[in-house]
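A.B. asks: below are the sequence and a predicted model; questions follow.
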Amino acid sequence: MARPREIHTKDDVPLVEIAEQTQNLINYFNDADRPFRDLFVEEVDQQTFLQEIEAEPGEWEKLAEGEFPGTTRAQDDDYMQMTIRTQEYGRSLGFTQKFLENSTSDHVLKQVQNVLEEGMETEDRIIHDVIFNGIADGTEDVWFDVPDHGDYGFTRSHSHTFADTEELFGDTNAHSHLDHVEEAADDLYHHGWNGDKVLLGSLDFKRGIRNELEGHNFHIPMATGMRSSDIRDLTVNPRGVSILTTPYLTGDEFYIIDVGENPVKEYIDREMQITRPTGGPAVEPGQIINSHATMDFGVSMTNPLGAVHFEGTNTNYS
């Protein structure tokens with residue numbers, strides 16, 4: 001029989017047990033694999049970045065007998081830097097005393113799971129927004145000096161955004177969906193970045209790719225559904241670019257991200273926790289009442305040239 005001062009759920013589960021199971025779910029969320037996030041984002045342990053975009057390897061200098069190479073690192077040691085800004089996010093668990101006493105333990109824990117899933121949705125949306133808004137479009141200089149590569153030379157106002165087919169190809173001819181993918185990806189290859197590349201496109205763009213690859217058996221998954229499997233094991237890979245669809249795009253617009261270069265960085269100031277109403281982690285069972293789940297992190301496009309944006313405002317497909 002329950003003691004009078006203890007709070008129990010409708011099916012007589014004590015609050016202390018609900019608190020323990022809630023913390024177990026929080027730990028699961030913080031420790032779970034995130035293939036979608038890991039595909040686009042590299043977690044880092046510092047907020048401030050020095051200039052990290054490397055030029056192509058230089059040649060060794062010829063040395064005379066007894067001579068030593070000079071000690072140099074770059075033209076100067078005054079490196080530019082940027083800082084990832086963090087933001088706290090939160091969602092109430094809705095655990096009033098009345099709710100706990102009138103609900104079964106399964107219903108209470110289902111509420112916790114719903115809040116955690118909303119946290120994952122929030123994280124996914126923020127990653128999308130950072131990619132969509134972080135690509136260099138030439139309107140302002142990128143924060144680092146862009147190194148030249150091979151015969152290509154770049155300024156800090158170099159743009160990776162293309163309005164339409166004519167701007168992407170430099171001609172008025174019609175081009176296939178696959179040609180658009182390859183041409184856009186070349187703007188990443190010409191920096192010497194040869195790692196894995198992923199395209200985020202609309203359902204319409206997916207259909208265009210599917211029609212051009214008719215006769216081949218493949219699946220193009222939705223990016224927001226990829227939370228348990230490596231995306232690159234599940235998608236078609238034409239011209240070396242993995243294709244994903246996203247609900248946040250329509251029409252002919254698409255993005256290509258060089259995930260091999262990890263242009264998106266995430267700094268986690270505080271993992272998800274249960275926070276009591278007065279602030280600070282809820283460490284006692286009674287503190288779970290009127291508590292909320294919070295997390296504090298920041299995501300930044302540290303390399304604005306690590307992706308390409310095709311706006312698709314006037315697309316000429318062949």
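C.D. replies: Nice, thanks for sending it over.
A.B. asks: who's residue 43 bridged to?
C.D. replies: Applying DSSP bridges to residue 43 gives these bridge partners: residue 266.
A.B. asks: help me confirm that it comes into contact with residue 266.
C.D. replies: Yes - Residue 43 sits in contact with residue 266 when judged by C-beta atoms under 8 Å, with a separation of 5.0 Å. The C-beta positions use only the backbone N, C-alpha and C, and glycine is treated the same way.
A.B. asks: settle it for me: which of these two has more neighbours?
C.D. replies: residue 266 (20 against 14; other C-beta atoms under 10 Å).
A.B. asks: contact partners for the more buried one?
C.D. replies: Residues in contact with residue 266 (C-beta atoms under 8 Å, 6 or more residues apart in numbering) are 37, 41, 42, 43, 44, 84, 297, 298, 299, 300.
A.B. asks: let me see the contact set for the fifth one.
C.D. replies: This points to residue 44. Contacts of residue 44 by C-beta under 8 Å, 6+ apart are 84, 265, 266, 267.
A.B. asks: give me the pLDDT for it.
C.D. replies: What the model reports as pLDDT for residue 44 is 91.
A.B. asks: measure it to residue 80 for me?
C.D. replies: Per C-beta to C-beta, to the nearest Å, residue 44 is found 17 Å from residue 80.
A.B. asks: again with the first one
C.D. replies: Here the criterion is C-beta to C-beta. By it, residue 37 lies 27 Å from residue 80.
A.B. asks: so which of those two has more stuff around it?
C.D. replies: residue 37 (20 against 12).
A.B. asks: need the three-state assignment for that one.
C.D. replies: Following DSSP: H, G, I helix; E, B strand; the rest coil, residue 37 is assigned to helix.
A.B. asks: ditto for residue 206
C.D. replies: helix.
A.B. asks: my read is that it contacts residue 247, right?
C.D. replies: No - contact between residue 206 and residue 247 fails when scored by C-beta under 8 Å: they sit 11.8 Å apart.
A.B. asks: what about these two, which has more around it?
C.D. replies: The neighbour comparison of residue 206 against residue 247 (other C-beta under 10 Å) goes to residue 206, with 21 against 12.
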